[in-house]
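**Student:** Just to be clear, the model below is a prediction. Sequence and coordinates:
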Amino acid sequence: MIGEVLVELAHMSCAYNSTLAVKNIDLTIRKGDFLGIVGPSGSGKTTLLKSILGSITPVEGHVTKKPHLRMGYVPQVETVDWNFPVTVLEVVVMTRSSTGRLPRVTKDERADALLVLERLGLGGLENRHIRELSGGQQQRVFVARALFHRPELLVLDEPTSGVDVRTRHEVLHLLADLHDEGVSIILSTHDLNGLAAHLPRLVCLNSEIIADGSPVDVLTPEVLEQTFGAPMEVLIHGGMPVVVDGVGADIAERMSRLG
């Protein structure tokens, strides 16, 4: 059964200072999707996410959203000032819609925030400073902030960028659990093997969409070279694609001969 349309991008192009960042994008995000956007730096991944969030206006085409669609956003961890004097609880409630009053956390807001933190394995850490947390915990805090208003669509920008292998696994399992609970997810990533290969649907982007489909269909040498501008090889291991660059493929071939 095909899920209802949450966001539809039709012939959409976005630009900065008259320079196109993404062009002629046709993309549909439906309820139940778990979608990854992959591409090199400067390929337009963040711009595409911003167009979905509504923080950038297309110069061509349009973005149509389900009426009253609730979205949550998780930024790149590199953009966060971890020394800013703020607690875990304060980070979570930053997205509250109340305006015109002192920045005091209400009883109801605190109760809702504690439920979200408990759900993400962060119970008891609400009064900790964010810099005191591990990398995996820090990423979970910002996911908690995005979930605070119960979004239908969760948007994440490079959620595993700059984190270690353990944290990457934690993030992947967390997102899989959230998806199983009914949250639709779209994220950008350059992590082809650690994250992208595990997603049900991938879009390869380099200013325009190169391919859209399952990892097995999308992660091919032809598509990857067109996307990243360099030759790459794809090995199938355990039924999953594993991407290696030209040098890595040559080494792998030599090692297989030795074996």
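**Tutor:** Yep, that arrived. Numbering: from 1, shown residues only.
**Student:** can you tell me the helix or strand for the residue nearest to residue 59 when sequence neighbours are not counted?
**Tutor:** In this structure, residue 59 finds its nearest non-sequential neighbour in residue 15, 4.9 Å apart by CB to CB, 6 or more residues apart in numbering. C-beta: built from backbone N, CA, C; applies to glycine. According to DSSP states H and E, residue 15 maps onto strand 5-16.
**Student:** Tell me which strands that strand pairs with, and in which orientation.
**Tutor:** Using DSSP bridges, strand 5-16 pairs in its sheet with strand 19-30 (antiparallel), strand 60-65 (antiparallel).
**Student:** Give me the distance between the residue nearest to residue 59 and residue 207.
**Tutor:** For residue 15, the distance to residue 207 (CB to CB, to the nearest Å) stands at 11 Å.
**Student:** overlap in contacts of these two?
**Tutor:** Taking CB atoms under 8 Å, 6 or more residues apart in numbering as the criterion, residue 15 and residue 207 both touch residue 21.
**Student:** one step back: please identify the most buried of the strands paired with strand 5-16.
**Tutor:** Across those, averaging neighbours per residue (mean count of other CB atoms under 10 Å) puts strand 19-30 on top, at a mean of 18.
**Student:** all helices of the stretch 1-150 of the chain, in order?
**Tutor:** With helices called from DSSP state H, counting those that start in this stretch, the stretch 1-150 of the chain shows them at 45-53, 88-92, 107-119, 135-147.
**Student:** for the shortest one, packing partners?
**Tutor:** The criterion is 3 or more CB pairs under 8 Å, 6 or more residues apart in numbering; DSSP states H and E, and the helices and strands that helix 88-92 contacts are helix 107-119, helix 135-147.
**Student:** just those: most buried one?
**Tutor:** Buried most deeply of the helices and strands packed on helix 88-92, by mean count of other CB under 10 Å, is helix 135-147, with a mean of 22.
**Student:** Which residues outside it are in contact with it?
**Tutor:** With CB under 8 Å, 6+ apart as the criterion, helix 135-147 contacts 72-75, 77, 80, 82, 88, 91-92, 94-95, 113, 116-117, 119-122, 125, 130, 133, 154-156, 159, 163-164, 166-167, 170-171, 174, 178, 183.
**Student:** Out of these, which end up buried?
**Tutor:** Applying 16 or more other CB atoms under 10 Å to the contacts of helix 135-147, the neighbour count classes 72-75, 77, 80, 88, 91-92, 113, 116-117, 119-120, 122, 125, 130, 133, 154-156, 159, 163, 167, 170-171, 174, 178, 183 as buried.
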